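In: Need the 3D shape of this:
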Amino acid sequence: MKSGFVAILGRPNAGKSTLMNALIGEKVAIVTPKPQTTRNRIAGVVEVPARKRLHPAAQIVFVDTPGVHKPSSHLDRRMLQEVHEALETRDVVLVLVDASRRVQLDATAAPDPATEGAIDSQVSDTRPGTRVESGAPQRQKAAAWASEEEFLFGLIRGLDCPVFLVLTKIDLVAKDKLLPMIERLTHQYNFAEVIPVSARKRDGLDVLVRKIVEALPTGERYYPKDQYTDQPQRFMVAELIRERILIETGEEVPYASAVVIEQYEEAEPLAPARKKGQAPARLPLTRIAAAIYCERDGQKAILIGKGGAKLKEIGTGARKQIESLLGTRVYLELHVIVEPGWRESRSFVQSLDWRNQLEELAEKQVTEKDLSEEE
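Out: Residues are numbered from 1 along each chain as shown. Here you go, the predicted model:
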């Protein structure tokens, strides 16, 4: 059997999350037309059955990363740190390029990510292949970005693993336009494979999976067979609420918004099946309360809307998606909190990471257990 981690890199709107969802067959990452939709590393797990004379069975762990973009806040720098951390443990890297848009590359320029200031002061060395160490001073000052594509290609130079070029959204491009783009991009890097795909039409996905399996090392499963993501449901619920905010609001509001689950009461198990002829039992109810954070009073007014209409739209749209995810009825309560400048707050940004949230929940449960035993 083969197994390994596959990091998915790309600039904003390259179709990373759409591709991952198509490969997994489940919605593990939210998708909107707005850039910077993905803020955290998200793992999606694919079990690939053995195919005689083609490849052995495999488990592929895809790791979706935030889009590579110029950082303007601590949140942005944390998002780029997520990219670098995904590159620490990878067996294959996919570089996604949107075939339907113009690529800005200077063939003579190859920026070094170590000098780009992409990572905050916790990072001592951000070069690909170098382990990120917390607490060390930053050695390089920020340099001007030539383009997001050039920075993206700078990230992969020096990697010691197979790197695939994946051209996305090929259903939106004439075939005679692809070859010149491929030729130009392959001058930038010696890719192990070049694979055009359309996640929407599922073109090229089988080829992509087969080539990834060929490149993976022999190993054991990292996750159980029936697990398709590493995310807890609480985090997925928060992301579905944020997805509705991105869809329902414009201007700066989506980028200044964050969602934190404050209450999550899981539903009781389904009631026993009723006798023939009786009305079907109602699905159990999951109760969820969430806070939507923004930075200014004006943003709060937009999120709430006249008479609470916008917040109701966000809640209704999110609730339908959450019910589909959980398979239960959902009672969803939302409220909006103004937290000035939260995107520049290191502690607040770190608190949004679901890994940190799980640690806090575990500590809280231990404390509550100790208190109850004392009583």
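
In: Let me know the next secondary structure element after whichever strand or helix holds Lys310.
Out: Per DSSP states H and E, Lys310 falls inside helix 309-326. Next helix or strand after helix 309-326 toward the C-terminus (DSSP H and E): strand 329-338.

In: so where's this protein shaky on pLDDT?
Out: Scanning the chain with the threshold set as pLDDT under 70 gives 105-146, 269-281, 368-375.

In: And it, what are its domain boundaries?
Out: 2-215, 233-374 (automatic domain parsing).

In: I'd like those laid out as TSV, including mean neighbour count and distance to Gln227.
Out: All C-beta spots, glycine's among them, are computed from the backbone N, C-alpha and C. Listed next are the domains of the chain as TSV, based on neighbours: other Cβ atoms under 10 Å; distance: least, Cβ to Cβ, whole Å:
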stretch	mean neighbour count	distance to Gln227
domain 2-215	18	6
domain 233-374	15	12
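
In: quick one: which of these is nearest Lys225?
Out: domain 2-215 (5.8 Å; Cβ to Cβ).

In: where along the stretch 51-200 of the chain do the helices fall?
Out: Residue ranges of the helices in the stretch 51-200 of the chain, as given by DSSP state H, counting those that start in this stretch, are 74-88, 148-156, 175-186.

In: angle of the shortest one against helix 74-88?
Out: Pointing back at helix 148-156 there. 40 degrees (axes from the mean of the first three to the mean of the last three Cα atoms, to 10 degrees).

In: just the angle between helix 148-156 and helix 175-186, please?
Out: Interaxial angle, helix 148-156 versus helix 175-186 (the same axes, to 10 degrees): 50 degrees.

In: Against which helices or strands is helix 148-156 packed?
Out: strand 2-10, strand 92-98 (3 or more Cβ pairs under 8 Å, 6 or more residues apart in numbering; DSSP states H and E).

In: out of the helices of the stretch 51-200 of the chain, nearest to Gln299?
Out: helix 74-88 (14.9 Å).

In: Please name whichever of the helices of the stretch 51-200 of the chain is nearest to Ile288.
Out: Judging the helices of the stretch 51-200 of the chain by Cβ to Cβ, what sits closest to Ile288 is helix 74-88, at 24.0 Å.

In: Who are the packing partners of the closest one?
Out: Helix 74-88 packs on strand 2-10, helix 346-351, going by 3+ Cβ pairs under 8 Å, 6+ apart.

In: Excluding sequence neighbours, find me the nearest residue to Ile302.
Out: The spatially closest residue to Ile302, leaving aside those adjacent along the chain, is Val253, at 5.3 Å (Cβ to Cβ, 6 or more residues apart in numbering).

In: now the one you found: how far from Asp91?
Out: 39 Å (Cβ to Cβ, to the nearest Å).

In: for Gly317, same thing?
Out: Where Asp91 is concerned, Gly317 sits at a distance of 37 Å (Cβ to Cβ).

In: Also Leu246?
Out: Distance of Leu246 to Asp91, computed by Cβ to Cβ: 32 Å.

In: Same check on Ser72?
Out: For Ser72, the distance to Asp91 (Cβ to Cβ) stands at 32 Å.
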